[in-house]
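Trainee: quick one: sequence plus predicted model below, questions after.
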Amino acid sequence: MYSMIIEEALYAHLNTYANLTALVGNRIYPLVLPQKGSYPAITYQKVSGPRLHALQTDPGTAHPRFQISCWAQTYSKAKAVVKQVQAALQDFSGIMGGAGGVQVDAVLFENEFDLYEEETEGKTGLYHIPVDFIIWHQE
């Protein structure tokens, strides 16, 4: 049994990846950006939460899809953040989130696309690049 939920473990993992925090500092947020935030920044959200099932007992394995959104005032900075998010997550396996974290079997890159948000929380012109990962983990 793990003391963290996968969202907490994901946050802790991203927040301790030095090459990523060199770009975004501690600007890693669940779901939404703060109204008067600084950039670049990251938001994350679970967009699906499927689990494996068996006839007599569930094996306790989940494979949710997480979307990590990279935000910046320039396209090149947004892409630099994406590169570090991928380095932090792609093909990761082990305990995510440190002691008391979540056992992760695999993190698989799924998708990436480019967006430009003309207005975001009072800011004009933010580049937004969502990157999707499937995180296979034990509950």
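Mentor: Sure, I can see it.
Trainee: run through the strands of the chain in chain order.
Mentor: Along the chain, the segments classed as strands by DSSP state E run 28-30, 41-48, 61-62, 65-72, 94-96, 102-112, 115-120, 123-138.
Trainee: among those strands, which is the most enclosed?
Mentor: Most buried of the strands of the chain by mean neighbour count (mean count of other Cβ atoms under 10 Å) is strand 65-72; its value is a mean of 22. Yep, even glycine has a C-beta here, placed from its N, CA and C like the rest.
Trainee: any low-confidence regions in the chain?
Mentor: The model of the chain has pLDDT under 70 over residues 1-2, 50-55, 119-124.
Trainee: nearest residue to the middle of it?
Mentor: residue 68 (3.9 Å; Cα atoms, centre = their mean).
Trainee: I figured it hits residue 129, correct?
Mentor: No: contact criterion Cβ atoms under 8 Å: residue 68 and residue 129 do not qualify, at 9.2 Å.
Trainee: hmm, what's the outermost residue in the chain?
Mentor: Here, in the chain (Cα atoms, centre = their mean), the farthest residue from the centre turns out to be residue 56, at 32.9 Å.
Trainee: and that one, how far is that from residue 113?
Mentor: Going from residue 56 to residue 113 by Cβ to Cβ, to the nearest Å gives 41 Å.
Trainee: now do residue 28
Mentor: Per Cβ to Cβ, residue 28 is found 20 Å from residue 113.
Trainee: next, count neighbours for the closest residue to residue 87 other than its chain neighbours.
Mentor: Leaving aside its chain neighbours, residue 87 sits nearest to residue 19 (6.4 Å; criterion: Cβ to Cβ, 6 or more residues apart in numbering). For residue 19, the neighbour count with other Cβ atoms under 10 Å is 12.
Trainee: residue 19 and residue 35: what is the separation?
Mentor: For residue 19, the distance to residue 35 equals 28 Å [Cβ to Cβ].
Trainee: again, but for residue 115
Mentor: Plainly put, residue 115 is 20 Å away from residue 35 if you go by Cβ to Cβ.
Trainee: hang on, the earlier thing: now the strands of the chain as a markdown table including distance to residue 6?
Mentor: Below are these laid out as a markdown table (distance: least, Cβ to Cβ, whole Å):
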| stretch | distance to residue 6 |
| --- | --- |
| strand 28-30 | 12 |
| strand 41-48 | 8 |
| strand 61-62 | 7 |
| strand 65-72 | 8 |
| strand 94-96 | 8 |
| strand 102-112 | 5 |
| strand 115-120 | 25 |
| strand 123-138 | 6 |
